[in-house]
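Participant: I'll drop the sequence and a predicted model, then ask my questions.
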Amino acid sequence: DTAVSQTPKYLVTQMGNDKSIKCEQNLGHDTMYWYKQDSKKFLKIMFSYNNKELIINETVPNRFSPKSPDKAHLNLHINSLELGDSAVYFCASSLGNSNQPQHFGDGTRLSIL
Amino acid sequence: GENVEQHPSTLSVQEGDSAVIKCTYSDSASNYFPWYKQELGKRPQLIIDIRSNVGEKKDQRIAVTLNKTAKHFSLHITETQPEDSAVYFCAASIAGGTSYGKLTFGQGTILTVHP
């Protein structure tokens, strides 16, 4: 009964490949987020969706494309993976975007060979 | 945009001592300040949060204080225990508007509590 679940937990792949990470929440939230945590543990927002609509799009290469089929799911597709994409990617969700607590998934550790 | 600075980057205390982590923010419109604890290999977990209409909030051994004038907020952990060892992150966000509750995180503090 994990509240925010991400798959896969680990992803090891070669440079140039395309990969996807999936996220689902069962909290009834309407806002979902993708964060990137680099090797120095710095957490930075990438995207946010509210009711399937993109509302935050930080300065992220357009190789990264989020998709929200419904408000309980937010997936992240990455094209032409580069070494610098190696990081832990966290999905999170909240109820609305007006300063409600954000709940994080367990993360996906992406390693590019 | 918002910038959040967090200090210290590492903090080592003896079990039973208090620990204080401080953050400053740049955007005076920020009005929500959560703190997250992240254990090694785990997800960030919300431990306490404060909104700008409150100056202090307590939850058992954890307290957060907010000084809006100086634009800084602090996390206080009393009677520390080894299981408090983790990375702690502060964050700030602005409700609504074009920021849509976007969280800007500090750089993190590695807290080590020695038995």
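Facilitator: Cool, got the structure. Fair warning: this is a prediction, and the values are worked out from it, not measured in the lab.

Participant: check contacts around the most centrally placed residue in chain A.
Facilitator: When CA atoms, centre = their mean is applied to chain A, the residue found nearest the centroid is A:Trp34 (3.1 Å). Neighbouring residues of A:Trp34 by CB atoms under 8 Å, 6 or more residues apart in numbering or on different chains: A:23, A:45-48, A:66, A:74, A:76, A:89-92. Glycine gets a C-beta too; all of them are placed from N, C-alpha and C.

Participant: switch the cut-off to 10 Å
Facilitator: A:6, A:21, A:23, A:45-49, A:56, A:58, A:60, A:64, A:66, A:74-76, A:89-92, A:105, A:108 (CB atoms under 10 Å, 6 or more residues apart in numbering or on different chains).

Participant: just say helix, strand or coil for B:Glu83.
Facilitator: Secondary structure, DSSP: H, G, I helix; E, B strand; the rest coil: B:Glu83 is helix.

Participant: near the residue nearest to it when sequence neighbours are not counted, how many other residues are there?
Facilitator: In this structure, B:Glu83 finds its nearest non-sequential neighbour in B:Val113, 7.9 Å apart by CB to CB, 6 or more residues apart in numbering or on different chains. By the measure other CB atoms under 10 Å in any protein chain shown, the count of residues near B:Val113 is 20.

Participant: is chain A contacted by the strand or helix carrying B:Val87?
Facilitator: Per DSSP states H and E, B:Val87 falls inside strand B:86-92. Yes: judged by CB under 10 Å from any CB of the partner chain, strand B:86-92 and chain A are in contact via B:87, B:89, B:91.

Participant: returning to what we had before: near chain B, which of the contacts of A:Trp34 show up?
Facilitator: Counting by CB under 10 Å from any CB, the members of the contacts of A:Trp34 near chain B are A:6, A:45, A:48, A:56, A:58, A:90-92, A:105.

Participant: give me the buried subset of those residues.
Facilitator: A:6, A:45, A:48, A:56, A:90-92, A:105 (16 or more other CB atoms under 10 Å in any protein chain shown).

Participant: that older thread, hey, what's the residue nearest to B:Glu83 bridged with?
Facilitator: Going by DSSP bridges, B:Val113 is paired in beta bridges with B:Val13.

Participant: spit out the contact partners of it.
Facilitator: Contacts of B:Val113 (CB under 10 Å, 6+ apart): B:11-17, B:19, B:77, B:80-86.

Participant: distance of it from A:Lys52?
Facilitator: B:Val113 sits 43 Å away from A:Lys52 when distances are taken as CB to CB, to the nearest Å.

Participant: what do you get for B:Ala92?
Facilitator: 27 Å.

Participant: between the two, point out the one with more neighbours.
Facilitator: Shown here are B:Ala92 and A:Lys52; by other CB under 10 Å, B:Ala92 has more neighbours (26 against 15).
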